[in-house]
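[1] Quick check, what structure comes out for this input:
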Amino acid sequence: MSDTNYPVEKTNPNTAHLDVDNTISPSLTKEQLHPHQSFMDSNSDTDVDNNSMGMTGNDRVLYEQLRIVNAAIDDIGLTAYHWKLFCLNGMGYATDSLLILLQSLTLKSVQKEFNNDFPASTMALYGGAFLGAVFWGFSADIIGRKFAFNTSLLLSGVFAMITAGMPNLGGYCALIVLTIMGAGGNLILDTTVFLEFLPSSKQWMLTLLAFWWGIGQTVAVLVTWPLIKNYSCPDDAPVCLKKDNMGWRYCWITLGGLVLVLAILRVTVIRLVETPKFNLCEGNIEQVVEDLHKIARDGGKEISLSVEQLEACGRLDENEEKAPRQRGAWFKQLFEHLHLLYATRKLAISSSLLFLSWTIIGICYPLYTAFLPFFLESRGAELGDGSIDTTYKNLAIANACSVAGPIIAAGLLFIPSIPYGKGRKFTVGRRGAMCIGALLSMTFLFAYTAITNNAQNVAFSAVTNVTIFIYFGTLFAFTPEVLPSRCRATGNGIAIACTRIAGIFAPLIAYFGDTSSSVPIYVCAGCFAGLGVICFFYPFEPAETRAM
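    Here you go, the predicted structure:
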């Protein structure tokens, strides 16, 4: 039996909801509760930091209960259950990237068959991703992570397979919306669920998790390559009939089937229990204790967590009064979650900068991928013979290399802090890793416009993908880490929704814009420079604080 003495502090339930500006613990000074933090710099205690910054909203009872649960999760450590989560959540990452890239890889064949070159299916993809982020993000904080986690990927697999049978562009776009709507929710829940089970010393694994994204894209390219090559209408065909153009349909049914298999594995192999932090926010403390003890036993550990320890902190008023869901109750809870994202000045700054970052990356990265090939061709760059084999080989190399980005990002998190001044230390952390990734991406994008041959194109594409995914991988992890437990899925959903809204405009700009102009490339590089600057202003550094 573990002898861990979990931190318990008796809290008066009648004063549980405190105004942020007056959240001063009797045992702590105001300076301790509100330490000055500069970029990649921290001198605060982790628990104090989370409390003063409003990481759990205004509920002191919940904060104290979360401290106890976090201590128990740390006591359990990393178990086989966590490794299952890492692999199966990672496969969720892979399927999201796979399905999103699949639409792009099959776009030309679909447009040829339906005789329409307007990027309708691309807009449908971003529309579906937006709806998925909003629906699953908002609902997961209300109905729970488990249902959304088990359902979203399953729906994606089913709808992806049905997409293969669509007889016209309208039906195809409708199924794209439904398919990506499921995938959009899955992306939010992968990071949220994994984070809420992780011990604090292993939170770096959330950044590493993003390497599955590159695996998914590489699988999509390798599976699509022979099918599109061998079962598509020739470029010079005056009419493209369905029977001569089955390649894109084979792609959707094959990869949709793969997604469905992975969705079934997630339900049957891991047997996910509801996350302890969601149950805690709902007042289900008995279930929290039971689930954590089971995970500990399965991992060969024992913990001393008890219902009495959690009850000693008090009860959440709103949960004591909670009755069965009434009409309008979900909307009230949703607005409460939205309010929590801006409950304190620091949380408001953090949430606003997060959503701004996701919006910027949502438009500049698709613009880069849409404009760059046309720009290079207009400048006379020799990019190979233009064959399907050359195109897919280059794509496979670039996407395979992107796997290295999150691995490098996770490695950056292990750079030790460097003390300086009085009680201060310089830490690279998540903000530093994002800044490095963004500024390197800016540099390579500016340099990219000077290439003149295919070898340079492949090399710069591979390196740029690595640097972009240093930023992307860290941002994916950073987002749920700095959001309060009670509204984590909501905030994560809004962040992903921002990037999808922005992404809707990218195909329109590419369709109507001047593809020979260098302006879009420079704009993309400038956007990454802006993303690097934003890193200096994030008020929270998860490397120095425990995600609550």
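
[2] Please report phi then psi for the nearest residue to Arg486 once chain neighbours are set aside.
    Once flanking residues are discounted, Arg486 sits nearest to Cys281: 4.6 Å by C-beta to C-beta, 6 or more residues apart in numbering. Bear in mind the C-beta positions are built from the backbone N, C-alpha and C, glycine included. Reported as degrees, to the nearest 10, the phi and psi values for Cys281 are phi -60, psi -30.

[3] quick one, what contacts Cys281?
    Leu62, Ser485, Arg486 (C-beta atoms under 8 Å, 6 or more residues apart in numbering).

[4] any idea how far it is from Ile303?
    20 Å (C-beta to C-beta, to the nearest Å).

[5] Likewise for Asn284?
    Distance of Asn284 to Ile303, computed by C-beta to C-beta: 18 Å.

[6] Number of residues surrounding Asn115?
    9 (other C-beta atoms under 10 Å).

[7] That one against Cys240, yeah?
    Yes - with contacts counted by C-beta atoms under 8 Å, Asn115 reaches Cys240, the gap being 7.5 Å.

[8] can you map out the helices along the stretch 151-300 of the chain?
    All helices of the stretch 151-300 of the chain, identified by DSSP state H, counting those that start in this stretch, fall at 169-195, 204-208, 211-230, 247-265, 276-281, 285-298.

[9] Looking at those, spot the one closest to Ala129.
    In terms of C-beta to C-beta, the element of the helices of the stretch 151-300 of the chain nearest to Ala129 is helix 169-195, at 4.2 Å.

[10] returning to what we had before: more neighbours: Asn284 and Ile303, which one.
    Applying other C-beta under 10 Å to Asn284 and Ile303 shows that Ile303 carries more neighbours, namely 21 against 17.

[11] For the more buried one, give its distance to Val269.
    Ile303 is 24 Å from Val269, by C-beta to C-beta.

[12] likewise Ser441?
    Here Ser441 is placed at a distance of 36 Å from Val269 (C-beta to C-beta).

[13] Between the two, which has more neighbouring residues?
    Neighbour count, other C-beta under 10 Å: between Ser441 and Val269, Ser441 has more, with 32 against 12.

[14] Wait, that one touches Phe472, no?
    No - Ser441 lies out of contact with Phe472 (C-beta under 8 Å); the separation is 9.4 Å.

[15] hmm, what's the outermost residue in this structure?
    Distance from the C-alpha centroid of the chain peaks at Pro238, with 42.9 Å (C-alpha atoms, centre = their mean).

[16] Who are the contact partners of that residue?
    Contacts of Pro238 (C-beta under 8 Å, 6+ apart): none.

[17] tell me which residues in the helix or strand harbouring Thr95 are buried?
    Using DSSP states H and E, Thr95 maps to helix 80-105. Buried residues in helix 80-105, counted by 16 or more other C-beta atoms under 10 Å: 81-82, 84-105.

[18] Now do it and helix 285-298, the angle between them.
    Using axes from the mean of the first three to the mean of the last three C-alpha atoms, to 10 degrees, the direction of helix 80-105 lies 100 degrees away from that of helix 285-298.

[19] by contact count, what packs against helix 80-105?
    In terms of contacts (3 or more C-beta pairs under 8 Å, 6 or more residues apart in numbering; DSSP states H and E), helix 80-105 is packed against helix 120-140, helix 145-163, helix 169-195, helix 211-230, helix 247-265, helix 285-298.

[20] now what about the last one, what contacts it?
    When contacts are taken as C-beta under 8 Å, 6+ apart, the neighbours of helix 285-298 outside the stretch itself are 65, 69, 72-73, 75-76, 79-81, 197, 273-274, 276, 279-280, 302-303, 305-307, 310-311.

[21] got the CA positions of that helix in PDB?
    Listed next in PDB are the C-alpha coordinates belonging to helix 285-298 (Å, rounded to 0.1, in the frame of the first residue of the first chain):
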ATOM      1  CA  ILE A 285     -16.000  11.200  -6.500                       C
ATOM      2  CA  GLU A 286     -16.800   7.500  -5.800                       C
ATOM      3  CA  GLN A 287     -16.300   6.700  -9.400                       C
ATOM      4  CA  VAL A 288     -13.000   8.600  -9.500                       C
ATOM      5  CA  VAL A 289     -11.600   6.600  -6.600                       C
ATOM      6  CA  GLU A 290     -12.900   3.200  -8.000                       C
ATOM      7  CA  ASP A 291     -11.400   3.900 -11.500                       C
ATOM      8  CA  LEU A 292      -8.000   5.000 -10.200                       C
ATOM      9  CA  HIS A 293      -7.700   2.100  -7.900                       C
ATOM     10  CA  LYS A 294      -8.500  -0.300 -10.800                       C
ATOM     11  CA  ILE A 295      -5.800   1.300 -13.000                       C
ATOM     12  CA  ALA A 296      -3.300   1.100 -10.100                       C
ATOM     13  CA  ARG A 297      -4.100  -2.600  -9.500                       C
ATOM     14  CA  ASP A 298      -3.900  -3.500 -13.100                       C
END
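
[22] Can you name the element that comes right after that helix?
    helix 307-311.

[23] which residues touch Asp74?
    Pro199, Ser200, Ser201.

[24] which one among the residues you listed gets closest to Leu341?
    Proximity of those to Leu341 was ranked by C-beta to C-beta; the top entry is Ser200 with 22.6 Å.

[25] Do I have it right that that closest one meets Asn70?
    Yes - between Ser200 and Asn70 there is a contact at 6.7 Å, judged by C-beta under 8 Å.
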